[in-house]
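In: here's a sequence, model it:
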Amino acid sequence: MARAYEFNWQKPLPAFMQEGAYFDRFEEDPKTLSSLEAMGRLENDLEGRTFCICSGPDLVNLTFTFMVGQDVKVTKNQRDPRLNEILFPFYDSKRAMQIIETYEPDDKLKRKGLMSSDGFCRHLMSDENAPVYQDRLELYQDMELPLAHYFISSSHNTYLTGRQFGGKSSVEMYRQVLLSGCRCVELDCWDGKGEDQEPIITHGKAMCTDIFFKDVIQAIKETAFVTSEYPVILSFENHCSKPQQYKLARYCEDIFGDLLQREPLDGFPMDPGRALPSPRDLKRKILIKNRRLKPEAEQSEFNDHVKNNNPFPVPCLLVDGVDEAHPELKELGESFCTSKPSGGTEKESSRVREMFHRLALSHLRACFCGGFFKVGEANLDVQDLINSYHYVAATTNVHPYLSSIVNYAQAVKFLGFEVAEENNIHHNMSSFNETAGLGLLKTSAIEFVNYNKRQMSRIYPKGGRVDSSNYMPQVFWNAGCQMVALNFQTPDLSMQLNQGKFEYNGSCGYLLKPDFMRRPDRTFDPFSETPVDGVIAATCSVQVISGQFLSDKKIGTYVEVDMYGLPTDTIRKEFRTKMVMNNALNPIYNCEPFVFRKVILPDLAVLRIAVYDDNNKLIGQRILPLDGLQAGYRHISLRNEGNKPLSLPTVFCNIVLKTYVPDGFGAIVDALSDPKRFLSITEKRVDLMKAMGIEECDIVDMLSDSSKGDKKRKVSQAKASVSPRASSELGNNSTSGQPAGPSAVGDAVFLVHQVTVEDLKQMKSYLKLVKKQQRELSALKKKHAKEQLMMQRAHSAQVDNFVTQHHKEKASLEKQREKAIRKAGERRRSCLMMETNMKIEAITTVHKEKVEELVSQQSVEWAGLMSGHGAENLRLREQHVLQQCEALKALLASLQQHHRQQLQLVHNGQGKEIRAKQAKSSMESSKAISQDKSIKNKAERERRVRELNSCNTKKFMEERKRLYMRQSKETEQLQTAQHEQLDALGKYMEQCSADMLLTWTHGSSSSTGGNASVCS
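Out: Okay, here's the model as predicted:
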């Protein structure tokens, strides 16, 4: 890479031909003229046109790839169209002259303000025209956020130079890895052998060579902060006994000195809920990742250690516990050690170690001297050795001195996302092998992302990768995993992606995660197929035009262009150019553009451009982050498989970046970007009428027939109310097997029917009941009148009998008096008259008493009769009221049920119609994709269909959700109205019963009194 260019955002991409600057030296090269003639163009055709000459590989004998177009501005293609023209203005003539002054070698042309093809070639090959914004190569990200908010370049089994089984360990690997920008290295620590008992680093019991721990620490100190000043994390896989662990801690303290972060920083205590410090806070500091004792246990053991002067015996190395670094290696077989000591003595442990080392040395001697296996060959004996391997878990019995220097990277066993969230301890971190990590992504992807927002996680290769191959790191970056550890000794595709990704931000080994992967209030699904909220999807197009100095051999070459990001953004092994045979010096591919149509998350996506020979061997490659990619014609310098810059090989490409626009929205986006070009039909008609001389004031806004029809239809629907009889008839029709079809009710606007008690009283069944009750009441009245008449007659007869008898007795006494008077003389006449009158008065008095007694008796009988009639009448009235109430309830329930059925019918019709509409839309869209001749790739067609299905599913779900919400609201409105109707009916029934009882009570008392008075 050439010198870094100071990028200024206020200076967009080159546009020096915009103001009229031009090339005029094309005639000096006959190849240019011959190329023009081959295209059927003449030299005179270039007059008044923009002529951009892009150089080929040979700067001495140039071959040209050119484009000729009328009134073409280079800035249109050399600029990202998503940039704002005000904030990022186009180049002006002053800037064009600066470019000419910088890159044009001919002084005469400089004075004329012209640029030759040589000068233009220099400009295209300069850092100013690099494919990535030059500021991205510098440290440009915010480094003051917690450690968990960064991707951290990490290494697995850093000490190995080759295979995981039987490989060679080297201290130099730590130097090379740290110098490449890696910030997390792994140290597998074991007890040393021999008299010195120095701790060693090796791949335990995998027949790998050993290196001293102190040599590794010294190498780390020398190279930790050469490339980057940001913190280095040492991931300890600790298999040492306690005395050896004490040595580990002492070596770290003595060699690292002030570089070692022994204690927590003042502003970042290790308390639950407290965030981790930032990389800037930990500048030039080394962190130890290891298990740590609980504070009380650590203090207690440390005090014992100081008091007893290190009395720890050497325990058995095979300590029970789950290792968070390599638990999966247990799958490699257990035939070597069939029994595991559970706590033997030092003598037994030494015997086991010596036996194993003798066997390991014999195997190594046989492997490397006698030839069990060679590099690149798989032998059955090697496989037997691998199967006989027994992995030993890291110890959980940590020395307190080593525990005391562990702070912000405390390794803990992973107990689940819920437990981690509940504990909320940010400095706790867990390690997962790739299979366990993929399993968590499969079952709890969103929870994994949320976990990585708070605390760190480390991913490492599974134990089956004995050849030190690497897994695909992108899937774990998508989940926000900070330390995605890879085998740096294997320069495969995964390692190229890792090195290419961490090449940016000053190669400091830390990359800031996107905003939605840091904020706790945002939810992100790493398997999302739809754009993330707040992130604008992009469309990327790459046209590979030519290659330069790809190889000094006469071989065929081709170029592959891949995209890596989210699963829906990843496209690999699909886009490749044609094979250009026997020309690796300046091959011309000039292929059709490779279009990555929809990149929903450009922040995580990277573009890989790789060149292969005719034997499919990699010649060079380049990893370009999409969020820092520059649009336009770019020369892309290549890297080798280890991501080291190649001096000459480049690929000339045309890169186009645009905002992704879904199908069907292109016209809308164009209208928004340039509204003047997309006037409405009415505005165009107004303009045409103005052109004919008609004034705009003479044009009156009128509603079209369709608008009037829609308005009338809406008004009629708003005023429509179904009467009870019509509703009843509709209910009868619907129950008779003639429901309204979806087409009839699909567009219907549901209105709540207002049903009152008076409406219910007008219904036929209720009127029939009322007439029946009236007949029953009339019959009862007739019966009561007859009984009353009979009692009145009986009472009258009794009174008449008393009066007749009284009259007879009075008449008899008067006759006797007459006779007595005639027989008697004058003297006796007055006496007889007086005596007779006294008898008559006595009889009359007795008669009156009897009459009064009879009347009283008759009044009682009459009152009893009237009371019985009143009670019977009241019972009948109550029965009638109850019947009326039940009838009204039944009618209201039936009517409401009919309304609910009618509404459900409307809703079913709407649902059926929207499903039919969605099915038709999906079929038409799929048919359009299948008939689209521009899609020539089967994978692209399948991806488009999958994208379309996903888009349609989301759109249909939104439509159904809106329909469901609208239908729920209508149902709720209907239920509310029906509850109000029931309440109104209940109040009416109560009031009716009370009024009836009160009226009947007053009527009965007045009727009783009136009859009594009549009788008297």
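In: phi, psi of residue 185?
Out: Per-residue torsions, residue 185: phi -120, psi 160 (degrees, to the nearest 10).
In: number of nearby residues for it?
Out: 26 (other Cβ atoms under 10 Å). Every residue, glycine included, has its C-beta placed from N, CA and C.
In: isn't it up against residue 178?
Out: Yes: Residue 185 is in contact with residue 178 according to Cβ atoms under 8 Å; the separation is 6.9 Å.
In: residue 847 reaches residue 806, doesn't it?
Out: Yes: in this structure, residue 847 is within contact of residue 806 by Cβ under 8 Å, at 4.1 Å.
In: the longest strand seen in the chain: which residues count as buried?
Out: Longest strand of the chain, by residue count under DSSP state E: strand 645-659. Going by neighbour count (16 or more other Cβ atoms under 10 Å), the buried part of strand 645-659 is 646, 649, 650, 651, 652, 653, 654, 655, 656, 657.
In: give me the buried positions along stretch 612-626.
Out: Neighbour-count burial for stretch 612-626, counted by 16+ other Cβ under 10 Å, picks out 612, 613, 618, 619, 620, 621, 622, 623, 624, 625, 626.
In: can you give me the distance of the second one to residue 276?
Out: I take that to be residue 613. 47 Å (Cβ to Cβ, to the nearest Å).
In: so where's the stretch 851-1000 of the chain uncertain?
Out: Applying pLDDT under 70 to the stretch 851-1000 of the chain picks out residues 997, 999-1000.
In: what ranges does it have for its strands?
Out: For the stretch 851-1000 of the chain, applying DSSP state E, counting those that start in this stretch gives no strands.
In: alpha carbons of stretch 837-855, in CSV - could you do that?
Out: Presented in CSV, the C-alpha positions along stretch 837-855 are these (Å, rounded to 0.1, in the frame of the first residue of the first chain):
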residue,chain,number,x,y,z
ASN,A,837,-146.3,1.5,66.6
MET,A,838,-143.8,0.3,69.2
LYS,A,839,-143.8,-3.2,67.7
ILE,A,840,-143.3,-1.7,64.2
GLU,A,841,-140.4,0.4,65.4
ALA,A,842,-138.9,-2.6,67.1
ILE,A,843,-139.2,-4.6,64.0
THR,A,844,-137.8,-1.8,61.9
THR,A,845,-134.8,-1.5,64.3
VAL,A,846,-134.1,-5.2,64.1
HIS,A,847,-134.5,-5.1,60.3
LYS,A,848,-132.0,-2.2,60.1
GLU,A,849,-129.5,-4.1,62.2
LYS,A,850,-129.9,-7.2,60.1
VAL,A,851,-129.6,-5.2,56.9
GLU,A,852,-126.4,-3.5,58.2
GLU,A,853,-125.0,-6.9,59.2
LEU,A,854,-125.9,-8.3,55.8
VAL,A,855,-124.3,-5.3,54.0
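In: can you give me the buried ones in it?
Out: Under 16+ other Cβ under 10 Å, the buried positions of stretch 837-855 are 839, 840, 843, 847, 855.
In: buried ones in stretch 145-158, by neighbour count?
Out: 145-158.
In: hang on, the earlier thing: need the overlap of contacts for residue 185 and residue 178.
Out: Residues within reach of residue 185 and of residue 178 at once, by Cβ atoms under 8 Å, 6 or more residues apart in numbering, are 220, 232.
In: what's the weakest-modelled helix or strand in this structure?
Out: Least confident helix or strand, the chain: strand 64-70 with a mean of 33, by mean pLDDT, DSSP states H and E.
In: and the strands in the stretch 51-200 of the chain?
Out: Going by DSSP E, counting those that start in this stretch, the stretch 51-200 of the chain shows strands at 64-70, 150-155, 184-190, 200-201.
In: what's in contact with the very next helix or strand once past the last one?
Out: With elements assigned by DSSP states H and E, the helix or strand that comes after strand 200-201 is strand 211-212. Residues lying outside strand 211-212 but in contact with it, judged by Cβ under 8 Å, 6+ apart, are 159, 169, 170, 171, 192, 198, 199, 200, 201, 202.
In: reformat the residues you listed as TSV; add neighbour count.
Out: As requested, the contacts of strand 211-212 are exported to TSV (neighbours: other Cβ atoms under 10 Å):
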residue	neighbour count
159	28
169	21
170	19
171	16
192	17
198	17
199	26
200	25
201	27
202	21
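In: next, give me the two most distant ones among the buried residues of stretch 145-158.
Out: Using Cβ to Cβ, the pair of the buried residues of stretch 145-158 lying farthest apart is 145 and 157, separated by 29.5 Å.
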